[in-house]
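[1] Here is my input, please return the structure:
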Amino acid sequence: MIRLLRPLRLGTTYTRLLHLWVPGLPFSVWMFIDPTTPWVPALVLVPLGLVSSVRRGEGVQARLLLTPGERDPEISEEPSATWRDRRRTALWLAVRLMLAVVTVFLTVWLPLLAYSLVQVATGTVPGGVPVLEDAEHHWAYALFVPLPLIVLYAAVVGLGELVTAIARRLLGPSPAERLAAMEVRTEQLLERTRIARELHDSIGHALTVAVVQAGAARAAGDAAFTDRALGAVEEAGRAALEDLERVLGILREPEKPVGGRPTLVDADRLLESARASGTTVDAEVTGPLEKAPGPVSREGYRILQESLTNALRHAGAVPVRVRIGVADGTLLLEIRNRLTEDIPGPGRGSGLRGIRERAALLGGRAWTGPDRGDWRVRVELPLG
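    Numbering: from 1, shown residues only. Have a look, this model is predicted:
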């Protein structure tokens with residue numbers, strides 16, 4: 001019983017009733033102008049529905065009154081973009097008008113019927129309901145008073161559900177709008193994934209350098225080496241803070257351009273950071289690196305950063321060979337270090353997976369794994 005009465009406590013029930021009443025307002029005004037032609041306002045429905053902006057107004061009103069609080073009510077707030085949308089809007093206006101007529105009739109006639117039953121039961125001459133004007137006064141009529149109210153309650157709830165379902169159908173997003181929304185959602189997911197990779201690569205690299213430097217300084221027991229190690233930790237920390245501020249800036253200002261992200265032109269910073277950790281880095285750069293497109297150069301920087309981080313984390317202070325080359329429309333990255341027992345298996349670890357995903361996103365290829373006694377990361381990215 002309580003469950004059946006639950007709609008009485010929901011604000012949605014009353015906002016939907018208001019939505020059903022609204023189309024009756026033009027007819028009420030017209031009745032003061034010409035009561036003999038109450039159907040005249042209905043003539044403007046079809047041409048009104050063909051106006052592009054009407055669909056937006058109906059969508060906003062429907063979302064506000066029919067689905068308040070819903071995150072995705074599947075009701076569009078965009079103007080009509082095609083003739084199909086215009087026809088659906090015109091049909092929606094016609095259906096909404098018919099439901100309004102039914103709603104106004106029931107919400108007026110049923111309460112009046114209940115009041116007339118009370119009048120008959122109490123011996124008062126009833127008015128407003130012809131069927132009861134000649135009824136004999138009797139107290140038993142009071143037993144029927146709840147029936148019109150129950151029917152009214154069921155009609156209000158049922159018509160509210162019906163108009164909401166029709167609105168989702170006729171005012172719902174068109175295929176083009178659904179595709180656009182899907183593309184926006186995909187872009188948002190890609191952006192979130194990119195930010196996660198940025199934080200993983202940048203913060204992971206800084207923490208790895210700090211851990212390696214701290215361990216080496218403690219083992220060396222040399223004041224000069226310790227001083228250099230602390231300088232390297234400080235430099236890595238500053239770089240990580242800069243990257244963190246930049247990523248947080250992107251989150252706060254989504255439209256901010258990404259031009260401030262580091263590129264392979266800044267690769268010396270990564271190489272010096274690795275060398276400061278006690279690792280011998282043999283780097284070779286060939287070709288016009290500065291001419292590489294921004295997206296390719298930025299992703300290449302992150303791939304190099306993740307590769308050096310993995311070398312420090314899993315192999316320690318071992319020699320690392322870095323080859324960066326631009327030739328024949330391709331950016332080539334190859335990072336090698338001596339193979340140790342602590343080898344990340346194929347496909348394991350978000351870092352290696354991130355390298356492959358970055359390469360695939362740009363239409364390139366990546367290989368990671370053992371190769372002739374070394375751990376090799378080789379990436380080819382097209383410059384076009």
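
[2] List of residues touching stretch 96-103?
    17, 20-24, 42, 45, 155-156, 159, 162-163, 166 (C-beta atoms under 8 Å, 6 or more residues apart in numbering). Where you see a C-beta, it was placed from the backbone N, CA and C, and this is true even at glycine.

[3] change it to 6 Å
    With C-beta atoms under 6 Å, 6 or more residues apart in numbering as the test, stretch 96-103 has contacts from 20, 23-24, 159, 163.

[4] repeat for stretch 61-69
    By C-beta under 6 Å, 6+ apart, stretch 61-69 touches 15-16, 18-19, 73, 75, 164, 167, 171.

[5] Next step: those restricted to helices.
    Of the contacts of stretch 61-69, the ones assigned to helices by DSSP state H are 15-16, 18-19, 164, 167.

[6] What does the nearest residue to L362 once chain neighbours are set aside show for phi and psi?
    In space, and not counting its chain neighbours, L362 is closest to L381: 5.2 Å by C-beta to C-beta, 6 or more residues apart in numbering. Backbone torsions of L381, given as degrees, to the nearest 10, read phi -120, psi 130.

[7] how close does L381 get to A114?
    Between L381 and A114 the computed distance is 77 Å (C-beta to C-beta, to the nearest Å).

[8] The two - which one has more neighbours?
    The neighbour comparison of L381 against A114 (other C-beta atoms under 10 Å) goes to L381, with 25 against 19.

[9] and that one, what does it touch?
    296, 331, 362, 364.

[10] tell me which of those residues is nearest to L147?
    Proximity of these to L147 (C-beta to C-beta) peaks at L362, which lies at 70.9 Å.

[11] and that closest one, what pLDDT?
    The model reports L362 with a pLDDT of 82.

[12] Check which element follows the lowest-mean-pLDDT helix or strand in the chain along the chain.
    The weakest-scoring helix or strand in the chain, judged by mean pLDDT, DSSP states H and E, is helix 175-220 (a mean of 69). Sequence order places helix 223-252 as the next helix or strand after helix 175-220, per DSSP states H and E.

[13] For the stretch 51-200 of the chain, give me the ranges with low pLDDT.
    Scanning the stretch 51-200 of the chain for pLDDT under 70 picks out 125-131, 133-134, 176, 179-191, 193-194, 197-198.

[14] give me that answer again for 90
    When residues are selected by pLDDT under 90, those of the stretch 51-200 of the chain lie in 51-55, 68-88, 90, 94, 97-98, 101, 104-105, 108-109, 112-145, 171-200.

[15] And stretch 90-97, how far out from the chain middle?
    31 Å (C-alpha atoms, centre = their mean, to the nearest Å).

[16] circling back to that earlier point, taking the contacts of L381 one by one, which sit in strands?
    L331 (DSSP state E).
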